[in-house]
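Peer 1: fold the following and give me the result.
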Amino acid sequence: MVELANLVPKQRIESTLWSILVFCYIPLGVLLMLIRIFLTLNYFCMQVVFNCLCTRQNKVRRIFEKIFLFILGVAVNERNEKSFDNSSVVVLNHLSRVDGYFIAALCNLTAAVNLRVTGTLISVLRCLHVDDAPNNSDINSIKELLQVKKPVLVFPEPCPTNGAGLLKFRDWPFNHEFQIQPMVVRMKRPFPISGSTLDSVWWSDLLWSFFCPLTIYDITILPTMRKNKDENSNEFKERIRKSMSSMLDAPCTNYDASDVVEYLKRVRFEERKPQEHLRDYPPSNNTMRMAEQVKDILPHVPIHVIISDVERTKSVDITVTNILEGVVTFVAEEQTMATDTDSKVKVATKVRTPVNLSFSRDPNRRHMTLQERKDEFIAVAKEKYITKHGL
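Peer 2: Numbers count the residues shown, from 1 in each chain. Here you go, the predicted structure:
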């Protein structure tokens, strides 16, 4: 079973040796990136002109597009082209947040992406706006394109990976009686630079693509597939995933979108968690004083989390608010009730019922709820202090 950490990389370059070589390449890479950013504007202008003069299938246009894209640093190598069907929904494994635009242009497809642009730009990018949970209008738009022999590219995986395995596919591409054209892609670069990372965004993936000398998309086209009468949509989806997995020589995993989100939260928490042995200087007395005040109010919050946020906000109130609103993530500490060692006095404390923990949609009510919770925590802290010192 492939670990999620080995499937969704946290860094672009894992090897130290390759990091040194890429560092030496930086001057040339940055120059190449700046030139390609400028040429991208020219590419958009060329596409606008071509849209006015001819169709996407025009052979002269296709030659010019592939030459221009090669200058921008992307090329394609297609295998088993005879298996391709123009009236199919193309499903492809996901390697970066920009491969949909590049592959759509290189292979003359229309990419179904959740991109809210309209007019000329969406035509130039060869895109079709489709929500993560498509509505009937989105499905009808896909059917209209398929009827005129314009294949639609869909990424069934919820996020990009490094190709070491396949995540669970989303359901919607397999629920509408589409003919499916499975394809698998491998990304080849002179440097082992990942196409995407766990928390990257589209523009960072694009800039890294421009930075690399060349990115080759090696695409293998599999035979078209239809759902059998005796199988449901989930069985059809898994049959396609297994065929793609076999061609990629990569396992099918049980990770879905929620697993990736939880993994991202865990990674961000570990990155924010301060390492005491790496601190350049200890917290100041004022920081420690404010952190102890917050700790008295929120005893279940680890002290290192409080210190980290207090150093940033310089305010007890703002730190308490950040913690209560979930801005600061942490793993709660187990709380133990303090006991009087001499057993002379036993104080019974009243157990308070917490105020409503959910936030109202009304901003005024939400603010009142937050203030009530803060007051409640302060009152409980006072009671504990009185109990502890026998006042």
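
Peer 1: buried residues in the one helix or strand residue 144 maps to?
Peer 2: Using DSSP states H and E, residue 144 maps to helix 136-147. Applying a neighbour-count criterion of 16 or more other Cβ atoms under 10 Å, one finds 138, 141-142, 145-146 buried in helix 136-147. Heads up, the C-betas are built off the backbone N, CA and C, glycines and all.

Peer 1: give me the phi and psi for residue 128.
Peer 2: phi -130, psi 120 (degrees, to the nearest 10).

Peer 1: next, find the distance separating it from residue 8.
Peer 2: Distance check for residue 128 against residue 8: by Cβ to Cβ, to the nearest Å, it reads 26 Å.

Peer 1: looking at these two, which is more packed in?
Peer 2: Neighbour tally, residue 128 and residue 8, criterion other Cβ atoms under 10 Å: the higher count belongs to residue 8, 25 against 21.

Peer 1: excluding covalently adjacent residues, which one is nearest to the more buried one?
Peer 2: residue 198 (5.0 Å; Cβ to Cβ, 6 or more residues apart in numbering).

Peer 1: repeat for residue 327
Peer 2: residue 321 (7.9 Å).

Peer 1: so where's the stretch 201-350 of the chain uncertain?
Peer 2: Counting by pLDDT under 70, the stretch 201-350 of the chain contains low-confidence ranges at 271-281, 334-350.

Peer 1: for residue 23, pull up the helix or strand it's in.
Peer 2: helix 16-53.

Peer 1: so how far is the helix or strand immediately after that helix in the chain off the chain centroid?
Peer 2: Scanning forward in sequence from helix 16-53 by DSSP H and E, the next helix or strand is helix 59-71. The chain centre lies 31 Å from the centre of helix 59-71; the measure is Cα atoms, centre = their mean, to the nearest Å.

Peer 1: also stretch 176-184?
Peer 2: Computed by Cα atoms, centre = their mean, the chain-centroid distance of stretch 176-184 equals 24 Å.

Peer 1: one more: stretch 287-294?
Peer 2: For stretch 287-294, the distance to the chain centre is 35 Å (Cα atoms, centre = their mean).

Peer 1: now do stretch 259-272
Peer 2: 11 Å.

Peer 1: buried residues in that stretch?
Peer 2: For stretch 259-272, by 16+ other Cβ under 10 Å, it's 259-260, 263-264.

Peer 1: do stretch 86-104 as well
Peer 2: Going by 16+ other Cβ under 10 Å, stretch 86-104 has these buried residues: 88-104.

Peer 1: tell me the domain ranges of the protein?
Peer 2: Domain assignment for the chain by automatic domain parsing gives 4-254, 273-333, 337-391.

Peer 1: so what touches stretch 143-151?
Peer 2: Under the criterion Cβ atoms under 8 Å, 6 or more residues apart in numbering, residues 84-90, 109-110, 128, 152, 178, 181 lie in contact with stretch 143-151.

Peer 1: what does stretch 162-169 give?
Peer 2: With Cβ under 8 Å, 6+ apart as the test, stretch 162-169 has contacts from 2, 6-9, 91, 93, 95, 156-159, 161, 186-187, 194-195, 237, 240-241, 244-245, 248, 250-257, 260.

Peer 1: how distant is that stretch from the center of its chain?
Peer 2: Computed by Cα atoms, centre = their mean, the chain-centroid distance of stretch 162-169 equals 14 Å.

Peer 1: same check, this time on stretch 45-52
Peer 2: Between the centre of stretch 45-52 and the centre of its chain there are 32 Å (Cα atoms, centre = their mean).

Peer 1: can you pull the buried residues of that stretch?
Peer 2: Buried-residue list, stretch 45-52, by 16+ other Cβ under 10 Å: 46-47, 50.

Peer 1: and which of those is nearest to residue 222?
Peer 2: residue 47 (29.5 Å; Cβ to Cβ).

Peer 1: how much space separates that closest one from residue 34?
Peer 2: Using Cβ to Cβ, residue 47 is found at 21 Å from residue 34.

Peer 1: could you pull out the helices for the stretch 251-391 of the chain?
Peer 2: 257-272, 285-297, 303-313, 316-324, 363-389 (DSSP state H, counting those that start in this stretch).

Peer 1: do the stretch 101-250 of the chain as well
Peer 2: 120-124, 136-147, 202-211, 233-248.

Peer 1: check what contacts the first one and list those residues.
Peer 2: The reference is to helix 120-124. Surrounding helix 120-124, the residues in contact under the criterion Cβ under 8 Å, 6+ apart are 44, 47-48, 51, 115, 128-129.

Peer 1: where does the residue most central in space within the chain fall, phi/psi-wise?
Peer 2: For the chain, the residue sitting closest to the mean C-alpha position, by Cα atoms, centre = their mean, is residue 199 at 5.3 Å. For residue 199, the backbone dihedrals (degrees, to the nearest 10) come out as phi -120, psi 20.
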